[in-house]
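**Q** coords below, sequence missing:
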Ligand code: FDA
């Protein structure tokens, strides 16, 4: 039987980082992944440039059944800590938008950083290697059967990530293992994912596929329901992208994490503008056509589609339009309420919401309360960040918290 101090399952963001840190603390660490290559998700992240953290990350940008759970790990390994590490490795980076940090050159640089940290810690890696069974050994610790033979360790770290993008190796391994050991799982669902609509209802907008504009988007009330559980209210001002099947773009990816099936989204297509006042002023001051006036504030194609949908004439001078029709138009554009029929699912989701229930984990070291030596880190845990580098920061922070306790 091969024996080590700690086995880390999953050589993605969290697993590589945890293995490297634990190895550098002097532990003999074995890192196992079933995929041919390490960190496939880092490779495709941020359009190939990896949005590796967000300068402004705080617990407020994370969703979880227990929103306080992430506090401890995020406070102990911060964005500044990871930025310092990126600098030590000589990786050039830039801030793109709202604190989001990207590599100047390539996501491969972050993978190289993690592999270098693992090498510095003398981490042994078995890859590709399938895990067949995991059990607790008689004298404490764990025994694992793999296609490279059995291995045993007193500490086991599960870093097998979430369900998005199965074609690059995502599995429900971590969730199944949690259940095997009696831990609860918050039902997983795709998050940071495009939303879809009924095809016939969407038909007028499908023709606008590719059109993008800044909107204000929200869902949920934030109020407590009958069981005392609140639906957290999401609210973002970001770009929305119209697609053939529905809505995407940062605004919609962000709100998708908060959206509950059956609930409507509320969209203001002219954020921070008072459309009734703008239309009233235009009506009083000119004989311009409604379609032209609207195109001052909205893409022409979108303005035309809305006028057709509302059965309003685009080539009628504004003074000839009734106030109540203009009010109807303003209401439709600034309080557009629409209910998605679904999401684009795991193939298109960037992250998994839900996961190993934080009630069964210790927030200081991500260890299972009822199974000494068993830890869950990264996306497999019910902690989900916003779009913008937050999910990698959770991977780094949870990995560091765990590594210090192994
Ligand atoms: P991760 O998925 O990185 O690693 C899990 C590892 O476990 C994989 O190597 C997998 O092969 C392995 N594994 C799975 N099942 C196994 C099994 N049964 N046996 C052995 N090994 C197994 N986030 C962000 O902050 N900034 C960004 O720019 C992006 N961009 C982005 C783009 C796209 C397209 C996606 C899909 C996702 C992102 N993300 C992101 C999210 C980010 O990639 C994600 O949250 C982290 O990679 C999670 O890190 P983990 O280590 O937890 O899982």
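**A** All right, it came through fine. Quick caveat: nothing in here was measured; it's all calculated off a predicted structure. Residues are numbered from 1 along each chain as shown.
**Q** residues in contact with the nearest residue to residue 149 once chain neighbours are set aside?
**A** In space, residue 149 comes closest to residue 2 once its chain neighbours are excluded; the distance is 6.5 Å by CB to CB, 6 or more residues apart in numbering. (Each C-beta comes from the backbone N, C-alpha and C, glycine too.) The contact partners of residue 2, by CB atoms under 8 Å, 6 or more residues apart in numbering, come to 30, 149, 150, 151, 152.
**Q** how much space between residue 2 and residue 119?
**A** As judged by CB to CB, to the nearest Å, residue 2 and residue 119 stand 20 Å apart.
**Q** Same question for residue 185.
**A** On the measure of CB to CB, residue 185 and residue 119 end up 34 Å apart.
**Q** Please identify which of those two sits among more neighbours.
**A** A count of neighbours by other CB atoms under 10 Å puts residue 185 above the other of residue 185 and residue 119, at 18 against 12.
**Q** Just list whatever residues bridge to the more buried one.
**A** Residue 185 has these beta-bridge partners by DSSP bridges: residue 356.
**Q** I'd assumed residue 176 was in contact with it.
**A** No: counting by CB atoms under 8 Å, residue 185 does not reach residue 176; the two are 9.1 Å apart.
**Q** tell me the contacts of the residue in the stretch 251-400 of the chain positioned nearest to the ligand?
**A** Proximity of the stretch 251-400 of the chain to the ligand (CB to the nearest ligand atom) peaks at residue 378, 2.3 Å away. Residues in contact with residue 378 (CB under 8 Å, 6+ apart) are 10, 12, 13, 14, 15, 159, 161, 394, 395, 398, 399.
**Q** can you narrow these to ones near the ligand?
**A** Among those, proximity to the ligand is found for 10, 12, 13, 14, 15, 159, 161, 395 (CB under 6 Å from any ligand atom).
**Q** Can you give me the neighbour number for the second one?
**A** Close neighbours of residue 12, defined as other CB under 10 Å, add up to 26.
**Q** Okay, it and residue 314: tell me how far apart.
**A** When residue 12 is compared with residue 314 (using CB to CB), they lie 51 Å apart.
**Q** Which parts of the chain are helices?
**A** Under the criterion DSSP state H, the chain contains helices at 13-24, 40-44, 71-76, 79-88, 108-120, 173-180, 199-206, 249-256, 275-285, 290-294, 300-309, 323-334, 390-405.
**Q** can you put those helices in CSV and add distance to residue 267?
**A** Putting these into CSV (distance: least, CB to CB, whole Å) gives the following:
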stretch, distance to residue 267
helix 13-24, 33
helix 40-44, 29
helix 71-76, 31
helix 79-88, 31
helix 108-120, 34
helix 173-180, 33
helix 199-206, 12
helix 249-256, 8
helix 275-285, 13
helix 290-294, 16
helix 300-309, 12
helix 323-334, 9
helix 390-405, 23
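**Q** Report the contact partners of the closest residue to the ligand within the stretch 1-150 of the chain.
**A** Of all residues in the stretch 1-150 of the chain, residue 12 sits closest to the ligand, at 1.8 Å by CB to the nearest ligand atom. Contact partners of residue 12, counting by CB under 8 Å, 6+ apart, are 33, 38, 39, 40, 41, 42, 159, 160, 161, 378, 395.
**Q** can we see that at 10 Å?
**A** By CB atoms under 10 Å, 6 or more residues apart in numbering, the contact set of residue 12 is 33, 35, 38-42, 114, 159-162, 169-170, 378-380, 395, 399.
**Q** next one: residue 337
**A** With contacts defined as CB under 10 Å, 6+ apart, residue 337 is in contact with 264, 265, 266, 267, 331.
**Q** Check these and tell me the two furthest apart.
**A** In terms of CB to CB, the contacts of residue 337 reach their longest pairwise distance at 265 and 331, which sit 15.7 Å apart.
**Q** These two - which one has more neighbours?
**A** When neighbours are counted by other CB under 10 Å, residue 265 comes out ahead of the other of residue 265 and residue 331, with 22 against 14.
**Q** Test for you: state the pLDDT assigned to that one.
**A** The per-residue pLDDT reported for residue 265 equals 96.
**Q** just the one 3 residues further on next, same as before
**A** Reading off the confidence values, residue 268 has pLDDT 97.
**Q** Excluding chain neighbours, what is closest to it?
**A** Nearest-residue entry for residue 268: residue 216, 4.1 Å, with adjacent residues in sequence omitted and distances by CB to CB, 6+ apart.
**Q** just residue 104 next, same as before
**A** residue 92 (4.1 Å).
**Q** quick one: which of the contacts of residue 337 is nearest residue 133?
**A** Nearest to residue 133 among the contacts of residue 337 is residue 265, at 44.2 Å by CB to CB.
**Q** who's in contact with the residue positioned nearest the centre of the chain?
**A** If you average the C-alpha coordinates of the chain and look for the closest C-alpha using CA atoms, centre = their mean, you land on residue 351, 4.2 Å from that point. With contacts defined as CB under 10 Å, 6+ apart, the neighbours of residue 351 are 41, 63, 161-164, 190-193, 253, 256-257, 379, 384-387, 390-391, 394.
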